[in-house]
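Participant: Provided below are the primary sequence and the corresponding predicted coordinates.
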Amino acid sequence: MLDIKFLRAEPEAVKENIRKKFQDEKVALVDEVIELDEQCRAAKTRCDTLRNQRNVISKQIGGLMKQGKKEEAEAAKKSVTDMAEEMAQLDARVDELSAQVRERMLVIPNMIDPSVPIGRDDSENIELERFGEPAVPDFEVPYHVDIMERLQGIDLDSARKTSGNGFYYLCGDVARLHSAVLSYARDFMIDRGFTYYIPPFMIRSNVVDGVMSFSEMENMMYKIEGEDLYLIGTSEHSMIGKFIDTILDEDALPQALTSYSPCFRKEVGAHGIEERGVYRIHQFEKQEMVVVCRPEESKEWFTRLYRNTVDFFRSLDIPVRTLECCSGDLADLKVKSVDVEAWSPRQKKYFEVGSCSNLGDAQARRLRIRVRDKVKGNYFPHTLNNTVVAPPRMLIAFLENNLRADGTVAIPAPLQMYMGGKTFIG
RNA sequence: GGAGAAGUCGCGUAGUUGGUCUAGCGCGCACGAUUGGAAAUCGUGUAACCGUCAAAAGCGGUUCGAGGGUUCAAAUCCCUCCUUCUCCGCCA
């Protein structure tokens, strides 16, 4: 969400930004906002003036009543009554106009960072850097579900019976591996100075409204029947939600948080749950990073955040690359975003395992998250988020890359203490 | 789930026969005075958002959990909702 003052001052820049994102149909919204906003402010000014008059007269009436001057008081009352109708109309007009302005402001995309490459869709995302050798072994790497089944580590048939498609039972060493990865990720981030959180796994509708659009909500969030509660789709929802409508002290910044949670997603829409396996599912678990920082520090944090994920995967011998989201593929709220992708020796390509985003001040503005600054006045901080790791999807990369010719799976050194000292499973 | 109590400007509180409430007081905080320095003391200040303005100051508006209503006028009266606390019940 943009600052409307910025839009008023730089309408052409906002339009140019919309074009860069190939959303030309939204260009007209800019002029509409300017027009509606102007009307809205005019109505508000007029309404405020009337209300001021009313307040002044009301106060006089109070004085008159006290002195017992009944007739004068009655006359004054009448003059206020005459204003009431115009005021009511103006009030309604202001409400209506500001709703129309907000409606448009919510869909006008955030200003993208100058470094974001211009492109229409995900096919034009740009590889930034590779880490590790994308090796293909000389034996065949099976589909990840087959690897898991051979390890007696997954039961999809039972999950379909109890819960339907898109759910899983993990068991034995694979389940243990799943927990080990999360425990290791937790400690990995704590060691890097992040504060560990276990947040609520359900949030209220007003928080949901704040952190996502209506269509996102419809396509992602599971609602608890008969309660004003939704299952979170990511811990970012509860972690950012905790700051809604708050003013942080300057010395509380930066907030560098790492949170664990299960994540629940309906996955309605474009992709859906069309594939077998645990790549896209209704339930997974995730270690996340969330940062709230000073605006001038967000670029530096952005790089640090996705490097954390790269380092994490590299420490588990998984080759990764970073992929910069082009303008057209960038979600409207984001200033810049980089995906971390892991190498799949079976598919011989990289696939997404995490996404790092800098939201600038847009999310903070939308959620009224502010920082107290007595000298310059309160300001909106920047917010960022990134995936550390999200199994079981991550296990696909893990198993494929650590699979050995004899069918066993190597456990890299950092994970061994979380696996009871095992150096391999199988 | 049952019963009761309560939500006021960072914190704690005052304020309910509607009108100098333009929300008082205490604490905290900031600045200043005093001091060799400090404590103590004294003084001053102490919210957010919107509008007006080139900008600041100033001025105006809104906000006493949220929303609606009554009224010329609502922290105060009425309605609906939310939340918190206490006790009981149930339960990882």
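Facilitator: Good, I have the coordinates. Because the structure is a prediction, the values reported are computed rather than measured.
Participant: contacting residues for residue A:288?
Facilitator: Residues near residue A:288 by CB atoms under 8 Å, 6 or more residues apart in numbering: A:234-236, A:239, A:258-261, A:385-388. In short, each C-beta sits where N, CA and C put it, glycine included.
Participant: now do 10 Å
Facilitator: The contact partners of residue A:288, taken as CB atoms under 10 Å, 6 or more residues apart in numbering, are A:185, A:189, A:197, A:199, A:234-237, A:239, A:257-261, A:263, A:354, A:385-390.
Participant: Next: residue A:45.
Facilitator: Residue A:45 neighbours (CB under 10 Å, 6+ apart): A:90, A:94.
Participant: Would you state the secondary structure element containing it?
Facilitator: helix A:27-67 (DSSP states H and E).
Participant: any idea how far RNA strand B is from the closest residue to residue A:152 other than its chain neighbours?
Facilitator: Using CB to CB, 6 or more residues apart in numbering and skipping residues adjacent in sequence, the residue nearest residue A:152 is residue A:172, 5.4 Å away. Going from residue A:172 to RNA strand B by CB to the nearest atom of the strand, to the nearest Å gives 23 Å.
Participant: Same question for residue A:196.
Facilitator: 19 Å.
Participant: Just confirm that residue contacts residue A:187, I think it does.
Facilitator: Yes. Counting by CB atoms under 10 Å, residue A:196 touches residue A:187, with 8.9 Å between them.
Participant: quick one, domains of chain A?
Facilitator: A:4-107, A:122-425 (automatic domain parsing).
Participant: looking only at pLDDT, what's the mean for the last one?
Facilitator: Read that as domain A:122-425. Across domain A:122-425, the average pLDDT comes to 91.
Participant: So what's the gap between it and the chain middle?
Facilitator: 11 Å (CA atoms, centre = their mean, to the nearest Å).
Participant: ok, now the shortest one?
Facilitator: In terms of CA atoms, centre = their mean, the centre of domain A:4-107 is found 32 Å from the chain centre.
Participant: List the neighbours of stretch A:124-136 that are in contact with it.
Facilitator: A:116-119, A:306-307, A:310-311, A:313-314, A:317-330, A:337-346, A:348-350, A:401.
Participant: change it to 8 Å
Facilitator: A:117, A:119, A:310, A:313-314, A:317-326, A:328-329, A:338-339, A:343, A:345, A:348, A:350.
Participant: Next step: the residues you listed restricted to helices.
Facilitator: Judged by DSSP state H, helices contain the following of these: A:310, A:313-314.
Participant: that older thread, can you report how many residues neighbour the residue nearest to residue A:152?
Facilitator: By the other CB atoms under 10 Å criterion, the neighbourhood of residue A:172 contains 13 residues.
Participant: Can you tell me how far it is from residue A:425?
Facilitator: Taking CB to CB, to the nearest Å as the measure, residue A:172 and residue A:425 are separated by 9 Å.
Participant: do the same with residue A:52
Facilitator: Counting by CB to CB - residue A:52 and residue A:425 are separated by 75 Å.
Participant: Equivalent analysis for residue A:310, please.
Facilitator: Taken as CB to CB, the span from residue A:310 to residue A:425 is 25 Å.
Participant: Tell me if stretch A:33-48 is near RNA strand B.
Facilitator: Yes. Using CB under 7 Å from any atom of the strand, we find that stretch A:33-48 touches RNA strand B at A:41, A:44-45, A:48.
Participant: can those residues go into JSON lines with extra columns for pLDDT?
Facilitator: Formatted as JSON lines, the residues of stretch A:33-48 next to RNA strand B follow (pLDDT from 0 to 100):
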{"residue": "A:41", "pLDDT": "91"}
{"residue": "A:44", "pLDDT": "89"}
{"residue": "A:45", "pLDDT": "89"}
{"residue": "A:48", "pLDDT": "87"}
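Participant: re earlier: what's the ChimeraX line that selects buried ones from the contacts of stretch A:124-136?
Facilitator: Applying 16 or more other CB atoms under 10 Å to the contacts of stretch A:124-136 leaves a buried subset, and the ChimeraX line that selects it is:
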select /A:117,119,310,313,317,318,319,320,321,322,323,324,325,326,328,329,338,339,343,345,350
